[in-house]
Structures are given as C-alpha cells and as structure tokens.
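*Asks:* Here is a sequence together with a model predicted from it:
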Amino acid sequence: SQQKTQSASKRPFGVGLLVVGVDDKGPHVYETCPSGNCFEYYAMAIGGRSTSARTYLEKNFSDFEGADEATLVKHALEAMNKTTASDQTLSVKNTAVAVISLEKPFRELNDAELQVFLDKLEAKAAEADEPEETTAVAPAEETPAEAMDTSG
C-alpha cells in the first residue's frame with residue numbers, strides 16, 4: 001500500500017487535506033500531508049497561520065469529548081479566529097462550518113445559524129478588550145511582628 005503514496009500520480013501533489021468523519025467508534029480527524037503521510041488527531045488545523053489555531057485546540061481538546069454541537073462549533077470558531085490577521089474578523093462571507101454526527105447527517109450551518117455563533121465570538125472578544133474595573137482597597141492595618149525566640 002505504501003507504493004501508492006510514493007508516486008505523485010497516486011496522491012495530491014503538494015496538497016494537505018483534513019478529512020473528518022464519524023463512525024460507531026466516534027469522530028475521526030485525519031491529516032494527509034504532501035509527503036503522503038497520514039495522521040489521526042483529536043483536533044487539527046492546517047494552512048497559513050494555523051499554529052495559533054493548533055495551540056488553542058491543544059489547550060482545549062480535553063473539553064471536546066461529550067461536548068454538545070454548539071460547544072464544538074464555538075471551539076472551532078475560536079480556533080479559526082486565532083488565524084485571522086489583526087485587521088480581519090470572521091464573517092459569514094469568509095467562514096463556513098459543517099457538522100456531522102451519528103445522529104445527524106452532514107450539514108453546513110446556514111448564514112443565520114453561523115451569525116449567531118460569530119456574534120457570540122465578537123461579544124466575547126469585545127468583553128476581553130474592555131479594561132477591568134479596579135476598586136480601591138484600603139490598606140490593611142499592619143500588626144507589629146513579634147520577636148522570634150532564639151534562646152533555644
């Protein structure tokens with residue numbers, strides 16, 4: 001079977017792919033590399049600026065098992081948001097999300113469904129940008145230190 005991957009005519013030349021699916025054992029994420037190698041992951045991001053997305057996924061993948069669809073979509077968008085340039089934001093024009101499970105067939109979120117998630121993402125980002133309110137706290141009264149017994 002390795003012979004099929006050693007020739008450019010048998011594999012996408014210079015192309016990396018993420019293949020995602022689900023079976024009775026659960027969800028699967030595979031990456032195929034331009035070299036012909038294939039790896040399975042719990043979560044993965046490829047492409048330009050994907051390092052930040054992978055870092056986010058690595059830090060949060062323990063939350064994925066047993067999570068509901070909305071939570072997983074939120075995590076996917078958070079990871080994708082890490083890849084955007086500082087002058088760009090995710091929108092329904094530049095973002096697509098699809099979901100699949102054993103219970104539901106493959107489907108792509110429509111613009112209205114996606115916008116709900118993007119609005120929450122934007123609100124969270126705006127909240128993080130707001131400076132924290134600080135309240136003045138009166139200094140505690142200092143209590144004199146007792147002398148240490150060194151007579152020992």
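*Replies:* All right, it came through fine. Values in this document were obtained by computation on a predicted structure and should not be read as measured data.
*Asks:* all strands for this structure, in order.
*Replies:* For the chain, applying DSSP state E gives strands covering 17-23, 26-32, 38-41, 98-99, 107-108.
*Asks:* of the ones you listed, which approaches A70 most closely?
*Replies:* strand 98-99 (9.8 Å; Cβ to Cβ). Placement of C-beta: from N, CA and C, glycine included.
*Asks:* So for the chain, the centremost residue is which one?
*Replies:* Central residue of the chain (Cα atoms, centre = their mean): A79, 3.1 Å from the mean position.
*Asks:* So which residues of the chain form helices?
*Replies:* 50-60, 69-81, 111-129 (DSSP state H).
*Asks:* most packed of these?
*Replies:* Among these, helix 69-81 has the highest mean neighbour count (mean count of other Cβ atoms under 10 Å), at a mean of 18.
*Asks:* related to what we said a few turns ago, can you redo the strands of the chain as CSV with mean pLDDT?
*Replies:* Putting these into CSV (pLDDT from 0 to 100) gives the following:
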stretch, mean pLDDT
strand 17-23, 92
strand 26-32, 92
strand 38-41, 94
strand 98-99, 95
strand 107-108, 96
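*Asks:* Which of those sits closest to D129?
*Replies:* strand 98-99 (29.3 Å).
*Asks:* In the sheet, which strands lie alongside the closest one, parallel or antiparallel?
*Replies:* If you go by DSSP bridges, strand 98-99 pairs up with strand 107-108 (antiparallel).
*Asks:* now what about the partner strand, what contacts it?
*Replies:* Contact with strand 107-108 is made by 96-100, as judged by Cβ atoms under 8 Å, 6 or more residues apart in numbering.
*Asks:* Could you list the low-confidence segments of this protein?
*Replies:* Applying pLDDT under 70 to the chain picks out residues 1-13, 131-145, 147-152.
*Asks:* Tell me the spacing between the nearest residue to P34 once chain neighbours are set aside and N81.
*Replies:* Distances taken as Cβ to Cβ, 6 or more residues apart in numbering place G14 nearest to P34, at 4.9 Å, with adjacent residues excluded. Distance from G14 to N81, counting by Cβ to Cβ, to the nearest Å: 27 Å.
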